[in-house]
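> Provide a 3D model corresponding to the input given below.
(chains A and B)
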Amino acid sequence: MSGEAKGGTRASPPAEPSSAPVHLRPAREGDLAAILPLLLRLKRLNEEFDPLLKVRDDAEQQARQILKADIGNPKAIVLAAEGVGADRDKVVGFVRAHIRERAFYSPEHEGVILDIYLLPLYRRRGVGEFVLREITNALKAKGAGIVTAEFPAQNEIAGRFYTKRGFRPITAVQARSL
Amino acid sequence: MARSASSPVEPDPPGRKNTRRRSTAAERSEDQTDLLGERSVELSRFYGGKIETVPKVPVRSLEDFALWYTPGVAAVSRAIQADPERAFELTGRWNTIAIVTDGSRVLGLGEIGPEAALPVMEGKALLFKVLGGVDAIPVPIRVKSPEEFIATVEAMAPAFGGINLEDIASPKCFGILEKLSKRLSIPVWHDDQLGTAAATVAGLLNALELTHRSVHGVRTVLLGAGAANLVTARLLLALGHPAHQLTLVDQKGILHAEREDLDELELRNPWKYRIALTTNGGGRTGDLKAALEGADVLLAASTPKPDTVRPEHVRAMAKDPIVFALANPMPEIWPEVAHEAGAAIVATGRSDFPNQVNNSLIFPAVFRGVLDARARSIPDEVVLAAAKELARGAALKGLSARHLLPTMEESEVFPQIAAAVGDTAVRLGIARRKLSHDEFLERARTLMGRPAQLVRALARARLTPPMPRAGPRRRRTG
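Below is the predicted model:
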């Protein structure tokens, strides 16, 4: 993967018809309105996997604050995925990640992928892989020596996506309601 | 596509006043259904069900059992053990299918359980025998999951030459059919998907012909995204219908790639999800009205509720629109209302209106064909061959706005469909037995004609008692 050009890179997935590649660039405050519904879609999807991931009534407000904070935070990365062609200026997906300190383990800086969402028409065709590669590079550039991804334990599609790309479970989080 | 200035087809003569006619049809239908229901219970009790097994070999004395059963039968078993395919020749497997249901979506009754589904499956078995000459065994099963359903059918498959899945809720029916088709080496069919879709496509092909349209150029709206319409959409795409001119609509409106529930669909109903991506709403978003704006064709297979489609919906369509209102027993719009709103051609699922889209026109002949070819599966090419032959059957008798499809009485078309199915199975290389077209046709005529003779003979010999007279009619009050 070549480096960034004009703050963005373009997916050129091989083999499969590449009618829907995306363009990735750092998200700006002006993207909030476009990314917000995508973030909510992702959280609502998580709810499908587990009732313990029930989306709060004020989730939209929360999401707005969190996105706003992350966009200006040097310890966070939010990239917006734009379509090409007719969808050129349309945000069709995003990825959000944090840099976390690991108190006991090394490497001590962990890049945590918190959310990846792409609209259905922009899935497959290697777009997810492209986004993963780009966010990994960006996290590495911020000093991360390990990259992790968080998603619902029941989300087998996500599980397979990461496993295929060399990830494996390192920490388990189990829950029960009180 | 050239379209004549005047309507190419004559609509029905305007009926009596709209509202009056509408309530009459609804009342008539409800009244009729009650009456038939009472009688059906009465007769079911009298006859103790609808089907039984009958020996097909002579039994001259008890000694013949040494041939039909042990010790003679052991040699037949050994022959099949040596070559399992011989089961199709040495047992009734060649002509026997199972009608399997979990009772999860029976008729319009919903999830009524396997016991309550049995009379419906018996009825289906009767249709299979009388119309197709197929020995069908009703097998309602009590299972908890699609996996258990699949494992159960897999376990019983050695006894059968084919499997007819019946009355299984959508969307689990898609996965069950897909997996069983892959795992079994006998044809598997789900009538609510394939039968209804094939009959719909057949009717549509003739409606397009009548209105001088082509499947390659029309804009089509499918209302309802259940078992039948998702397959109809798939078949239309296979016929060359442009994906961007196909719009599916369900309770949530136009099904498009950015609809809020798409992520959920990807998990729960990947078949609907895929069609959402393929068609992407035909480039539209919004409600049924938005979908129908300028559309040539409406294929409605939704929940039975009249006025789901309203006259203004039909008026919003292109000139000489084609309207299929297939919900049963209440079509989404009454035919006379659709005609008055400008529909050139209207079809329903009911036998008391012209143009009944009826899966009984398809499934007996399809099974006749695949059983005679001893086919290993039923790919979409076979389904389309059946649909096209059914359409051709109606055209041979002369197409009109009131004669889009053969009626059940025009039975000469059924062996033709069976032969077309057999031919296609041979062409696709999935036939264990490769007969010529004429051989398939001859065989189908013989086997499909035999049950009527049998029924008559049994009645003549009083082995089937005549129907008892109906009891005093209990009128509903209020």
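> what's the neighbour count on the residue lying closest to B:T348 once chain neighbours are set aside?
In this structure, B:T348 finds its nearest non-sequential neighbour in B:P331, 4.5 Å apart by Cβ to Cβ, 6 or more residues apart in numbering or on different chains. (Each C-beta comes from the backbone N, C-alpha and C, glycine too.) B:P331 has 29 neighbours, counted by other Cβ atoms under 10 Å in any protein chain shown.
> likewise for B:A233?
26.
> look up phi and psi at A:G93.
phi 180, psi 180 (degrees, to the nearest 10).
> quick one, grab the pLDDT at it.
A:G93 carries a pLDDT value of 96.
> so it sits right up against A:Y122, yeah?
Yes. Counting by Cβ atoms under 8 Å, A:G93 does reach A:Y122; the two are 5.8 Å apart.
> enumerate every residue touching the nearest residue to B:K172 once chain neighbours are set aside.
Excluding the flanking residues, the one nearest B:K172 by Cβ to Cβ, 6+ apart is B:P146, at 4.8 Å. By Cβ atoms under 8 Å, 6 or more residues apart in numbering or on different chains, the residues touching B:P146 are B:172, B:175-176, B:179.
> overlap in contacts, A:G93 and A:Y122.
Contact criterion Cβ under 8 Å, 6+ apart; residues shared by A:G93 and A:Y122: A:22, A:81.
> and the residue of chain A nearest chain B?
A:L45 (4.1 Å; Cβ to the nearest Cβ).
> for that residue, helix, strand, or coil?
helix (DSSP: H, G, I helix; E, B strand; the rest coil).
> and for it, the neighbour number?
Neighbours of A:L45 using other Cβ under 10 Å come to 21.
> give me the local confidence score for it.
Looking at A:L45, its pLDDT reads 94.
> enumerate the residues of chain B near chain A.
Residues of chain B found near chain A (Cβ under 8 Å from any Cβ of the partner chain) are B:257-258, B:260, B:262-264, B:266-268, B:273, B:276-277, B:280.
> can you put those in CSV and add secondary structure?
Formatted as CSV, the residues of chain B next to chain A follow (three-state DSSP):
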residue, secondary structure
B:A257, coil
B:E258, coil
B:E260, coil
B:L262, helix
B:D263, helix
B:E264, helix
B:E266, helix
B:L267, helix
B:R268, helix
B:Y273, helix
B:A276, helix
B:L277, helix
B:N280, helix
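> buried ones among those residues?
Buried members of these, counted by 16 or more other Cβ atoms under 10 Å in any protein chain shown: B:257, B:262-264, B:266, B:273, B:276-277, B:280.
> biggest separation within the residues you listed, which pair?
Using Cβ to Cβ, those reach their maximum pairwise distance at B:E264 and B:N280, which is 17.5 Å.
> B:F363: what's it in contact with?
B:127-128, B:132, B:164, B:189, B:191, B:195.
> how deep is residue 171 tucked in, by neighbour count?
Answering for chain A, as no chain was given. By other Cβ under 10 Å, the burial measure for A:T171, its neighbour count, is 6.
> the intended chain is chain B.
20.
> roughly how far apart are it and chain A?
15 Å (Cβ to the nearest Cβ, to the nearest Å).
> would you confirm that that residue contacts B:E266?
No. When contacts are counted by Cβ under 8 Å, B:P171 is not listed as touching B:E266 (11.9 Å).
> re the thing from before, in a strand, the residue nearest to B:T348, correct?
No. Counting by three-state DSSP, B:P331 is not part of a strand but coil.
> gap between it and B:A225?
Distance, B:P331 to B:A225, by Cβ to Cβ, to the nearest Å: 18 Å.
> where does pLDDT dip in chain A?
A:1-20 (pLDDT under 70).
> can you show me the strands along it?
A:9-10, A:23-26, A:76-82, A:91-101, A:109-118, A:146-149 (DSSP state E).
> can you pull the pLDDT of B:R268?
pLDDT, B:R268: 92.
> could you say which helix or strand holds B:L204?
Using DSSP states H and E, B:L204 sits within helix B:196-210.
> so what's the gap between that helix and the chain middle?
13 Å (Cα atoms, centre = their mean, to the nearest Å).
> tell me the average confidence for that helix?
Computed over helix B:196-210, the mean pLDDT rounds to 98.
> so who does the residue nearest to B:T348 touch?
Per Cβ under 8 Å, 6+ apart, neighbours of B:P331: B:300, B:304, B:306, B:325, B:348-350, B:353.
> fine, thanks again, bye for now.
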